[in-house]
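how would this look folded up:
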Amino acid sequence: MTFDGDGTLGFLVPVALVMALTSTFFSPHAGLARQQTSGAESFEERDFLTRIRRLTIEGRRAGEGYFSPDGTRMVFQSEREPGNPFYQMYVLDLTTGDVTRVSPGLGKTTCGFFSPVSDAILFSSTHHDPRSKALQDEELAFRESGQERRYAWDYDTEMDLYAYSEGTGTLTRLTTAHGYDAEGSYSRDGEWIVFASIRDAYNRELTAAEQKQLETDPSYFAEIYIARADGREQTRLTSVPGYDGGPFFNHDGTRIIWRRFNEQGVLADVWSMKPDGSDARQITDFHAMSWAPYEHPSGDYVIFASNKLGFENFELFMVDSEGIKEPVRVTYSDGFDGLPVPSPDGRQLSWTSGRAGGSAGQIYLAQWNHERALQAIRSAPLRHSGL
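Next up is the predicted model:
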């Protein structure tokens, strides 16, 4: 799951959304506009985010920065490897600025996440695919030809989950099912992983309508799965038509936060459920594409991205974890702001943005004002109340 910086979203969203996004713009007045909600207090971007700085520069694009448990490092994906036009996985030391590649360097990777209890880093990769080098060469040749095309992630059926040991440098394959397995993360105790999979589109005979759907938009078949951290006991949690993906455990591990697209792949909302798949609750009803939710470590609210204010303009919003209130806008920058991740202490926020101008999405970091966020949540109107 990521923002691909050329005006498209890859790994995360259905074809309907990929085809809609075309460019990224920077507004010199970002943060100056105010959120005006009838009956609610007004807030600016600078109320929540200060000392905004760009973390990644090298490479064509970068995205999805997730903190280590102690908040001193960040795992992220970037297109920067010589001879490979696809994402590889890297770890950034936030103190020294040193960057280390932790993926094989071959094939495609996505969605890195630190284990909270071991030296493992979870991510998905296709490096085992014997076609990997040929696919890299084909993509490089296309780019060098000067031709252009709208980016669309193909939900590679060779994408599987791996655990990388920083101590030994070994990679352990966790999933082998045919079909895209990605968007993984660990539980707070490190005992479980939750991820998205499209295996159901390949492990049974499809109807003619389903086969056509698969050819048009494979993400339609994505569902949420849970498994032991070593890959055992893989269990499906969702069974609703449309793309379910981007799952994370909440602050205390009692629920899973994820986003669910409708059957048309046009609208999405934030949901939560228990780790056994029961008690599914819709947290937002925003009538927009609302996705990439991540709960603040306090457990008080969820930060997510939405195009509520314009089909091509994604901004960060936050909403109370129970979904009682209307969401509150956080960022004010034309184009793309998404994939928010708070630091373990809740005092910083990382996200992917195109606000620097140009075509490449990169990772940004800012100080996060938790107290101000709580104030904004408290002053927000009740959902659907019209107050």
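
just the helices in this protein please.
In the chain, the segments counted as helices under DSSP state H are 15-18, 45-48, 132-144, 208-216, 370-379.

wait, doesn't residue 181 sit right on residue 157?
No: contact between residue 181 and residue 157 fails when scored by Cβ atoms under 8 Å: they sit 9.5 Å apart. C-beta coordinates here come from the backbone N, C-alpha and C atoms, glycine included.

Identify the contacts common to these two.
Common contact partners of residue 181 and residue 157 (Cβ atoms under 8 Å, 6 or more residues apart in numbering): residue 198.

More neighbours: which of these two?
Taking neighbours as other Cβ atoms under 10 Å, residue 181 and residue 157 compare with residue 181 leading, 26 against 18.

re earlier: select, out of the helices of the chain, the one closest to residue 267.
Evaluated over those, closeness to residue 267 peaks at helix 15-18, with 9.6 Å, by Cβ to Cβ.

helices and strands of the chain: which one has the lowest mean pLDDT?
The helix or strand with the lowest mean pLDDT-type score in the chain, counting by mean pLDDT, DSSP states H and E, is helix 15-18 (a mean of 42).

pLDDT weak spots in the stretch 151-300 of the chain?
151-153 (pLDDT under 70).

tell me the strands in it, going along the chain?
160-165, 171-173, 181-186, 192-197, 223-228, 235-236, 244-249, 256-261, 268-273, 281-282, 290-295 (DSSP state E, counting those that start in this stretch).

And for the second one, what's in contact with it?
Under the criterion Cβ under 8 Å, 6+ apart, residues 104, 125, 128, 160, 161, 162, 163, 164, 165, 230, 231 lie in contact with strand 171-173.

What about the second one, how many residues nearby?
If you count neighbours by other Cβ under 10 Å, residue 125 ends up with 28.

in the sheet, who's paired with it?
For residue 125, the beta-bridge partners under DSSP bridges are residue 109, residue 160.

Contacts only, for it.
If you count contacts by Cβ under 8 Å, 6+ apart, residue 125 has them with 89, 103, 104, 107, 108, 109, 159, 160, 162, 171.

and the third one, backbone torsions?
When you say that, I think you mean residue 104. The phi and psi values for residue 104, taken as degrees, to the nearest 10, are phi -60, psi -20.

Need the per-residue pLDDT for the closest residue to it other than its chain neighbours.
Leaving aside its chain neighbours, residue 104 sits nearest to residue 127 (4.3 Å; criterion: Cβ to Cβ, 6 or more residues apart in numbering). We note a pLDDT of 98 for residue 127 in this prediction.

Let me know the distance separating residue 127 from residue 365.
29 Å (Cβ to Cβ, to the nearest Å).

More neighbours: which of the two?
residue 365 (22 against 18).

these two touch, right, the more buried one and residue 348?
Yes: under the criterion of Cβ under 8 Å, residue 365 is in contact with residue 348, at a separation of 6.1 Å.

Quick check: residue 81 vs residue 62, distance?
12 Å.

okay, those two: which has more neighbours?
Neighbour totals were compared for residue 81 and residue 62, and residue 62 leads with 27 against 19 (other Cβ under 10 Å).

re earlier: mind putting the contacts of strand 171-173 in CSV, distance to residue 283 included?
Below are the contacts of strand 171-173 laid out as CSV (distance: Cβ to Cβ, whole Å):
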residue, distance to residue 283
104, 37
125, 31
128, 36
160, 30
161, 26
162, 30
163, 30
164, 32
165, 35
230, 31
231, 29
